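Asks: Output the structure for:
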Amino acid sequence: MTKKLTGFHRKVRIWRDEIFGAGFEAGAEARIAAGIPSPTSEMPKRSARVPAAYPDPESKALWAYAWKAGYAFCMTGNRAGTKRERQSALRWKRDLNKRGALRISRANLVGAWLATRGESVKMWDLARDGSLTGVIVEGSTVMGDASGKWKLDGDCLVFDCKSYMYDAVKDDLCQYTSVIMEITRDHLVIATGETSREKYTYIPQNS
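Replies: Predicted structure coming up:
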């Protein structure tokens, strides 16, 4: 089973959280339909048939794993949370439709990009050769750094880099996929989740 439980699934064009939520809810409903109202606390060996909306091996495996987890552990009181997840997924789809198609070239992303939120500062430097470096600062304290590679995949910005937070495993190679929502010569907005946005400003380099 894939270890990627979160992030954007580029083939299916939805967030992995939504795939997991859909499978989890289906598993819980299957247990209740079978006349077992309380969680069993034991993962079944097999899931129900995976819906056709998840055609590739990764999304199939994620939905199936979530179905088994929902069957085993979901409390019936969690349905309010499931409703909120559905509403969040619908808002994301509306945002994506409102954004429409983007024409992005790789050259549009090359350079240094800076995002600020309160005392938090995050900067990515995306090199023309596909390498990247990054740093996160809180006030006057450096919280982490990054190094790795980046690429543009359709409207997705993909980072393959070592985990950059200092409280994480330094040699853990991770992939971060964000959806580009807006881009101009000096402005970049990416979605890192259904409702999470990061706004960056282009930093000109001294020649």
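
Asks: Would you report the backbone torsion angles of residue 53?
Replies: Backbone torsions for residue 53, taken as degrees, to the nearest 10, come to phi -70, psi -10.

Asks: Over to residue 113?
Replies: phi -130, psi 130.

Asks: Tell me which stretches of this protein form helices.
Replies: Ranges of helices within the chain are 16-33, 57-73, 79-99, based on DSSP state H.

Asks: Let's have those helices in JSON lines, adding distance to residue 137.
Replies: C-beta here means a position set from N, CA and C on the backbone, and glycine is covered the same way. Below are the helices of the chain laid out as JSON lines (distance: least, CB to CB, whole Å):
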{"stretch": "helix 16-33", "distance to residue 137": "28"}
{"stretch": "helix 57-73", "distance to residue 137": "34"}
{"stretch": "helix 79-99", "distance to residue 137": "29"}
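
Asks: Among these, show the one with the smallest mean pLDDT.
Replies: Comparing mean pLDDT over the helices of the chain, the weakest stretch is helix 79-99, at a mean of 77.

Asks: Run through the protein and note the low-pLDDT ranges.
Replies: Counting by pLDDT under 70, the ranges of the chain that qualify are 1-5, 76-85, 163-172, 206-207.

Asks: State the distance from residue 187 to residue 201.
Replies: As judged by CB to CB, to the nearest Å, residue 187 and residue 201 stand 7 Å apart.

Asks: ignore the last one, residue 135
Replies: Noted for residue 135: a distance of 15 Å to residue 201, by CB to CB.

Asks: Residue 150 bridge partners, please.
Replies: Here residue 150 sits in beta bridges with residue 159, going by DSSP bridges.

Asks: Do I have it right that it meets residue 159?
Replies: Yes - between residue 150 and residue 159 there is a contact under CB atoms under 8 Å: 5.3 Å.

Asks: intersection of neighbour lists for these two?
Replies: Any residue near both residue 150 and residue 159 by CB atoms under 8 Å, 6 or more residues apart in numbering counts here, and that gives 124, 132.

Asks: Can you pull the domain assignment for this protein?
Replies: 8-99, 106-203 (automatic domain parsing).

Asks: Mean neighbour count added to those, as JSON lines?
Replies: Below are these laid out as JSON lines (neighbours: other CB atoms under 10 Å):
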{"stretch": "domain 8-99", "mean neighbour count": "16"}
{"stretch": "domain 106-203", "mean neighbour count": "15"}
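
Asks: Name the nearest residue to residue 152, ignoring sequence neighbours.
Replies: Using CB to CB, 6 or more residues apart in numbering and skipping the chain neighbours, the partner closest in space to residue 152 is residue 106 (4.9 Å).

Asks: Quick check: the one you found touching residue 154?
Replies: No - the pair residue 106 / residue 154 is not scored as a contact, 11.7 Å apart, by CB under 8 Å.

Asks: Distance check, the nearest residue to residue 9 once chain neighbours are set aside against residue 194.
Replies: Nearest non-adjacent residue to residue 9, counting by CB to CB, 6+ apart: residue 16, 5.3 Å away. Per CB to CB, residue 16 is found 11 Å from residue 194.
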